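here is my input, please return the structure:
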Amino acid sequence: MTHALPPIVHNMAASRFEVQVDGLLSICDYRRRDGVLVLPHTVVPPELQGRGIAAALVEAALAHARAEGLRVDPVCSYVAVHLRRHPRHADLLRATRLSAPPRPAGG
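Numbers count the residues shown, from 1 in each chain. Got it, this is the predicted structure:
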């Protein structure tokens, strides 16, 4: 049975995208830093898993990043998997940290 989701809400005060389904809250939170939308957590209660809620939350976050001209840092493992499964979002990925200082040899 397919369940239609209520609209995803961008709760800017809490820095997250959220949706209430069956009285339960699901979220994809973020931090905005230096032109990057860092996505550390996506949380869907076990009772709601398998309904596409996490994917809808992540898509809302990615649409926001695109609209704001931000890159994305997928810290959350679910977000990273979602991005691999949907390569149309590859342009949003934050560039590799090429400017990191080299590690000293031997240590």
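
which residues touch the longest helix anywhere in the chain?
Across the chain, the longest stretch assigned as helix under DSSP state H is helix 53-68. Here helix 53-68 makes contact (C-beta atoms under 8 Å, 6 or more residues apart in numbering) with 5, 8, 10, 17-19, 21, 26-28, 30, 37, 39, 42, 44, 70-72, 78-79, 82, 89, 92. Placement of C-beta: from N, CA and C, glycine included.

show me which of the residues you listed are buried.
Among the contacts of helix 53-68, the ones that count as buried by 16 or more other C-beta atoms under 10 Å are 5, 8, 17-19, 21, 26-28, 30, 37, 39, 42, 44, 70, 72, 78-79, 82, 89, 92.

show me where this protein has its strands.
9-11, 16-21, 24-33, 36-43, 71-73 (DSSP state E).

could the ones you listed go into JSON lines alongside distance to Leu57 and mean pLDDT?
Output for the strands of the chain, formatted as JSON lines (distance: least, C-beta to C-beta, whole Å; pLDDT from 0 to 100):
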{"stretch": "strand 9-11", "distance to Leu57": "10", "mean pLDDT": "98"}
{"stretch": "strand 16-21", "distance to Leu57": "5", "mean pLDDT": "98"}
{"stretch": "strand 24-33", "distance to Leu57": "4", "mean pLDDT": "98"}
{"stretch": "strand 36-43", "distance to Leu57": "6", "mean pLDDT": "98"}
{"stretch": "strand 71-73", "distance to Leu57": "13", "mean pLDDT": "97"}
